[in-house]
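Undergrad: Can you look at this prediction? I've put the sequence above it.
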Amino acid sequence: MHALLALTLLAAPAAPTTDDPVLRALVDELGRAKTLKMDTVGAPYYASGSVTDISGFSVSASFGAVTHRGHPQETQVHVDTRVGAPDLDSSSFGDGMFSDMYGRPGGAPDEPDYDALRQALWLKLDTSYKGAIEALARKRAYLETHASADRPADFSAAPVTSVLLPRVKVSVDEERWTKAVKAASAVFRDAPGVQSGWAAFSARAINACFASTDPVQDRFGDTQVRFDVGASMQAADGMELEVSVIAVGRSESDLPKDAALLQATKEALTRLQALAKAPTLAEDYSGPVLFTGRAADTFFLRGIALPLSGAHPIVGVPHEGRLTDRLNKHITSPMLTLRDDPTQKTWKGKPLLGWYPVDDQGVKPVPLTLVSKGVLQTYFMSRAPTLKVAQSNGHARGSTATASNLFVEASEGKSRDALKKQLVQLAKEDDQDYGILVDELYEAGERGYDMGGESGNVSLPPPVVAYRVYPDGREELIRGATFKPFSFQSLKDIVAVGKEPTLLNTQAMGQPVSVVAPAVLVKHLELRKPSREFEKPPLIARPVVSEK
């Protein structure tokens with residue numbers, strides 16, 4: 001059976017069905033890659049390549065002055081070669097994984113030149129093949145000296161799909177957005193204490209081409225526009241503080257109007273100034289935490305979705321205590337159901353940027369019910385099987401199988417006021433004078449908070465906006481707290497959820513992800529008080545402020 005699979009995977013690539021020079025270069029060079037051979041190891045049993053070109057417009061400003069404006073163009077070329085056999089190949093080895101499929105971009109022309117692309121692919125495939133041979137040798141040596149019971153195969157057959165969609169383009173009013181970023185960043189110009197104040201706009205058309213020796217050819221694209229505002233300052237004790245405003249969509253019509261963006265920027269400045277005056281936790285906190293708004297989206301993304309990514313074990317890397325080991329068991333409150341659907345492009349008229357028509361291995365994505373009434377039903381799968389789930393469900397994205405459009409659905413939703421009352425009641429039962437409400441966390445992908453945490457634990461990014469909530473309903477802004485890692489057992493401590501879900505378009509595992517989730521109340525989590533010393537603020541005021 002495995003010999004038949006290998007023959008299938010080595011079938012000659014189909015003749016190009018398009019005049020696209022990028023796809024022609026991919027198909028032709030992958031055909032030559034099948035002739036790669038060294039004395040001790042044969043040709044790759046599977047090879048693939050992708051070429052992604054990104055183009056558009058971007059402009060940024062600082063304190064009201066333009067710092068950059070242009071039309072960036074970038075082409076990323078990645079390849080993957082597998083030597084050995086599907087049962088045991090060169091992938092998934094902690095001491096020697098070698099795949100350039102999602103490695104560093106570079107070496108590619110910024111235009112679809114057939115010969116130049118062939119040159120880049122030729123070099124990358126050669127390097128990837130040599131590295132794969134080394135990885136397979138180390139992997140075999142490791143397995144000779146280490147027990148690896150019930151290890152699944154490294155690769156599985158899958159029904160690949162050719163999707164050839166037209167290339168996308170993005171068009172925006174460049175003058176409008178230049179004025180918008182100048183106006184937004186100028187809000188911080190006369191604000192005392194603000195050390196950086198900037199705004200940026202970008203519009204990108206992202207077109208991806210993929211081919212493999214299955215054979216399969218895919219081409220599709222999507223557009224993304226993004227408006228960012230950010231500012232930073234230091235509190236009197238030197239603590240660095242930041243705030244941001246982020247608006248994301250597929251076209252400029254998805255973004256708020258200029259006046260609304262300007263108002264949101266002014267509100268961000270007010271919030272930053274309030275944070276600078278806010279108290280810190282005097283001692284570590286252990287008790288209930290209420291996540292609202294985008295913080296709730298980030299909680300579910302990092303607490304459940306990312307731990308359900310990359311289920312295939314990596315040889316040489318411990319993987320005990322993983323959430324994926326709990327298949328068909330309760331992992332969270334029975335009031336929760338989580339779905340992931342890459343096929344949806346919008347939610348209530350708003351764009352979902354986690355959409356894609358075919359995954360990064362040429363497999364059509366399948367909508368998933370990950371969790372049903374608290375019970376884990378499945379997890380994200382690529383063509384790397386596990387002992388319990390053998391087939392891909394079309395969620396290979398980047399270097400692993402991961403989330404796309406995550407929907408958190410809950411029964412018995414409560415209002416914000418009802419959640420706050422329950423929060424302070426739980427705090428009282430925990431001998432706390434207050435509960436903690438978190439309205440915003442640093443998003444996944446920001447400041448390096450993109451990893452899924454230690455084995456068996458969840459690591460949440462620090463709060464950006466958090467409050468102490470007292471029994472009389474009063475909310476007191478606090479700063480500087482950080483979450484301690486918590487075990488997956490804490491997911492069962494979810495005791496209440498909100499009525500109204502919030503949409504978050506963000507990045508995780510290097511991929512665009514959308515999350516739709518309600519507020520969530522967790523019975524017991526721990527936060528640390530600030531524990532380090534900070535450099536003092538500048539000794540004299542900013543020039544623009546001091547001279548007025």
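TA: Yep, that arrived.

Undergrad: ok, and the closest non-adjacent residue to Arg176?
TA: Distances taken as CB to CB, 6 or more residues apart in numbering place Asp258 nearest to Arg176, at 7.4 Å, with adjacent residues excluded. Placement of C-beta: from N, CA and C, glycine included.

Undergrad: how far away is that neighbour from Trp177?
TA: With distances defined as CB to CB, to the nearest Å, the gap from Asp258 to Trp177 amounts to 9 Å.

Undergrad: The two: which has the busier surroundings?
TA: Neighbour count, other CB atoms under 10 Å: between Asp258 and Trp177, Trp177 has more, with 24 against 15.

Undergrad: Identify the residues contacting the residue nearest to Arg176.
TA: Remark: with contacts taken as CB atoms under 8 Å, 6 or more residues apart in numbering, Asp258 is in contact with 176, 179-180, 183.

Undergrad: Can you say which of those residues are buried?
TA: With neighbours counted by 16 or more other CB atoms under 10 Å, the contacts of Asp258 contain buried members at 180, 183.

Undergrad: Any chance of the contacts of Asp258 in JSON lines with distance to Glu412 and pLDDT as columns?
TA: Putting the contacts of Asp258 into JSON lines (distance: CB to CB, whole Å; pLDDT from 0 to 100) gives the following:
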{"residue": "Arg176", "distance to Glu412": "45", "pLDDT": "98"}
{"residue": "Lys179", "distance to Glu412": "47", "pLDDT": "98"}
{"residue": "Ala180", "distance to Glu412": "42", "pLDDT": "98"}
{"residue": "Ala183", "distance to Glu412": "44", "pLDDT": "98"}
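
Undergrad: What is the least confident helix or strand in this protein?
TA: helix 2-9 (a mean of 37; mean pLDDT, DSSP states H and E).

Undergrad: What residues of the next helix or strand after that helix count as buried?
TA: Where DSSP states H and E defines the elements, the next helix or strand beyond helix 2-9 is helix 21-33. Within helix 21-33, the residues that qualify as buried by neighbour count (16+ other CB under 10 Å) are 21-30, 33.

Undergrad: From the chain's centroid, how far away is the helix or strand following helix 21-33?
TA: If you walk from helix 21-33 toward the C-terminus, the next helix or strand you reach (DSSP H and E) is strand 46-62. A distance of 16 Å separates the C-alpha centroid of strand 46-62 from that of its chain, computed with CA atoms, centre = their mean, to the nearest Å.

Undergrad: the helices in the protein, which residues?
TA: 2-9, 21-33, 114-145, 174-186, 258-277, 293-300, 416-429, 543-546 (DSSP state H).

Undergrad: looking at those helices, which is closest to Glu533?
TA: Relative to Glu533, the nearest member of the helices of the chain by CB to CB is helix 258-277, separated by 17.3 Å.

Undergrad: and the angle for the closest one with helix 174-186?
TA: 20 degrees (axes from the mean of the first three to the mean of the last three CA atoms, to 10 degrees).

Undergrad: hang on, the earlier thing: could you single out the most deeply buried of the helices of the chain?
TA: helix 293-300 (a mean of 25; mean count of other CB atoms under 10 Å).

Undergrad: That one vs helix 416-429, what angle?
TA: Computed with the same axes, to 10 degrees, the direction of helix 293-300 lies at 60 degrees from that of helix 416-429.

Undergrad: isn't Phe483 right up against Asn457?
TA: No: at 10.8 Å, Phe483 and Asn457 do not qualify as touching, with contact defined as CB atoms under 8 Å.

Undergrad: So which of the two has more stuff around it?
TA: For Phe483 against Asn457, the residue with the higher neighbour count under other CB under 10 Å is Phe483, and the figures read 20 against 15.

Undergrad: From Lys420, how far out is the residue lying closest to the more buried one once chain neighbours are set aside?
TA: Among residues not flanking Phe483 along the chain, Leu460 sits closest, at 4.3 Å (CB to CB, 6+ apart). In this structure, Leu460 and Lys420 are 20 Å apart, going by CB to CB.

Undergrad: what does Gln344 give?
TA: Separation of Gln344 from Lys420 (CB to CB): 32 Å.

Undergrad: Next: Tyr114.
TA: When CB to CB is applied, the distance between Tyr114 and Lys420 equals 62 Å.

Undergrad: Please apply the same query to Lys499.
TA: With CB to CB as the criterion, Lys499 and Lys420 are 13 Å apart.

Undergrad: what number of residues lie near the residue nearest to Lys124 when sequence neighbours are not counted?
TA: Nearest residue to Lys124, sequence neighbours excluded (CB to CB, 6+ apart): Val79, at 4.6 Å. The criterion is other CB under 10 Å. On that basis, Val79 has 28 neighbouring residues.
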